[in-house]
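> Provided below for reference: sequence and predicted model.
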Amino acid sequence: MKKIIVTGGLGFIGSNLIDLLISKDYYVINIDKVSYSSNFYNVKEHRNSRKYKFVKCDIKDKKIKKIIFSHKPLAIFNLAAETHVDRSIDNPESFIQSNIVGVYNLLECFKEFSKKNKSKLIHISTDEVYGDILTGRSAEDYPYQPSSPYAASKAASDHLVSSYVRTYKIPAIITNCSNNYGPKQHPEKLIPKLIYNILNNKPLPIYGKGTNSREWIYVKDHCEALLKVLIKGKVGQFYNIGSNKNLNNLQVSKKLIKVSKNLIKLKDKVKIIFIKDRPGHDIRYALNSNKIKNKLGWLPRTNFDHGIKLTFDWYNKNKNYYKSLSKKDIVKRLGKG
């Protein structure tokens, strides 16, 4: 059976990717350090699977080398990262350690492993490395202009991976994806936070005036793109992964309210409120994803209206997901600077 390592597999995108890989008959080794955003609930259906193994390990830990060499994966998807912009404003150090130092350690291990073993490293990154895109869309050759400590740490990790490809000839590919949404996302992020508040009769907090625009992609579409990159992607290349669909935060909130009205009875405190904006908040992200569409034949399949309904429905039917989290992580406001 073909083996694949997924780092950060207890998180949002990682666990959804594991679902897809196992459905395609891959054997998955899930490496996760088990942080606040890791959740065993996300992989509960695979716990007793013969195609799944969990290993607790931080990618900064030297023992990851032993794990890689013992399993000899045909690929490693690196999703181990600190990802929340607000937390990076409050505590940049953890982002430097995980997203830069951790990636450096993983690269050193993979460099040695790939000398004698055929494998690929797929490094998953973000559209936030490009910074504000006020008009048009950023293609893969657009200059990096990160605004937050999170985006800067991811930009640094991208450059590290790219440098190892050029200097040491490691077989690696970098992907930059737009804002994901869908099942199993920690409620520090906008959409699951709003859904939690709707289900618990709380106001819906929106930064500033709600005009900050993001390109939204359903997580399962992103995972299918990652598999396409593994199978058909060219070593050393960057691939943007996006939906070409932008909505601002206020539009997202209104759509969620509309969807929820059709599924549950809304209570009196569910209403949009505007709160103080976070420092350095980028106005707009937007990707040009023509390369992956034209070169690899990938297209997103889920429009936002359908995807947000699927997402709300999942959280409504999986209320134990929220119970599996620390309540302070759900209700605490971050990013005050």
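Here it is on my side, so go on.
> right, and residue 280 touches residue 146 too?
No - contact criterion C-beta atoms under 8 Å: residue 280 and residue 146 do not qualify, at 10.0 Å. Every C-beta, even on glycine, is put in place using the N, C-alpha and C of the backbone.
> wait, doesn't residue 26 sit right on residue 6?
No - if you go by C-beta under 8 Å, residue 26 and residue 6 don't touch, sitting 9.7 Å apart.
> and these two? which has more neighbours close in?
Using other C-beta atoms under 10 Å, the more surrounded residue of residue 26 and residue 6 is residue 6, with 29 against 21.
> tell me the SS of the more buried one?
At residue 6 the chain is in strand, as set by DSSP: H, G, I helix; E, B strand; the rest coil.
> just residue 280 next, same as before
Applying three-state DSSP: residue 280 is coil.
> residue 29 too?
Residue 29 ends up strand, using three-state DSSP.
> count of neighbours near it?
Residue 29 has 21 neighbouring residues, counting by other C-beta under 10 Å.
> which ones are touching it?
3, 4, 5, 6, 53, 55, 67, 71, 73 (C-beta atoms under 8 Å, 6 or more residues apart in numbering).
> can you say which of these are buried?
3, 4, 5, 6, 53, 55, 67, 71, 73 (16 or more other C-beta atoms under 10 Å).
> so the first one makes contact with residue 26?
Yes - using C-beta under 8 Å, residue 3 makes contact with residue 26 at a distance of 7.2 Å.
> would you map the helices across the stretch 1-150 of the chain?
With helices called from DSSP state H, counting those that start in this stretch, the stretch 1-150 of the chain shows them at 12-23, 64-71, 85-90, 92-96, 102-116, 149-168.
> which one of those helices lies nearest to residue 300?
Closest to residue 300 of the helices of the stretch 1-150 of the chain is helix 12-23 (C-beta to C-beta; 14.2 Å).
> and the closest one, what's buried?
12, 13, 14, 15, 16, 17, 18, 19, 20, 21, 22.
> isn't residue 252 right up against residue 215?
No - counting by C-beta under 8 Å, residue 252 stays clear of residue 215, with 11.7 Å between them.
> my guess is residue 182 contacts residue 16, does it?
Yes - the pair residue 182 and residue 16 qualifies as a contact (C-beta under 8 Å) at a distance of 6.7 Å.
> what sits in contact with each of these two?
By C-beta under 8 Å, 6+ apart, the residues touching both residue 182 and residue 16 are 219, 220.
> can you tell me which of the helices of the stretch 1-150 of the chain is most buried?
Highest mean neighbour count of the helices of the stretch 1-150 of the chain: helix 12-23, a mean of 23 (counted as mean count of other C-beta atoms under 10 Å).
> tell me the helices and strands packed up against that helix.
Other helices and strands packing on helix 12-23, by 3 or more C-beta pairs under 8 Å, 6 or more residues apart in numbering; DSSP states H and E, are strand 3-7, strand 27-32, helix 219-232.
> output the longest one as PDB, nothing but the C-alphas.
Spelled out, it's helix 219-232. C-alpha atoms of helix 219-232 as PDB (Å, rounded to 0.1, in the frame of the first residue of the first chain):
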ATOM      1  CA  VAL A 219     -11.800  22.600   2.000                       C
ATOM      2  CA  LYS A 220     -12.500  19.400   0.100                       C
ATOM      3  CA  ASP A 221     -11.900  21.200  -3.200                       C
ATOM      4  CA  HIS A 222      -8.500  22.300  -1.800                       C
ATOM      5  CA  CYS A 223      -7.700  18.700  -0.800                       C
ATOM      6  CA  GLU A 224      -8.500  17.500  -4.300                       C
ATOM      7  CA  ALA A 225      -6.100  20.100  -5.700                       C
ATOM      8  CA  LEU A 226      -3.400  18.900  -3.400                       C
ATOM      9  CA  LEU A 227      -3.800  15.400  -4.600                       C
ATOM     10  CA  LYS A 228      -3.700  16.600  -8.200                       C
ATOM     11  CA  VAL A 229      -0.400  18.500  -7.400                       C
ATOM     12  CA  LEU A 230       1.100  15.200  -6.000                       C
ATOM     13  CA  ILE A 231       0.200  13.200  -9.000                       C
ATOM     14  CA  LYS A 232       0.800  15.700 -11.800                       C
END
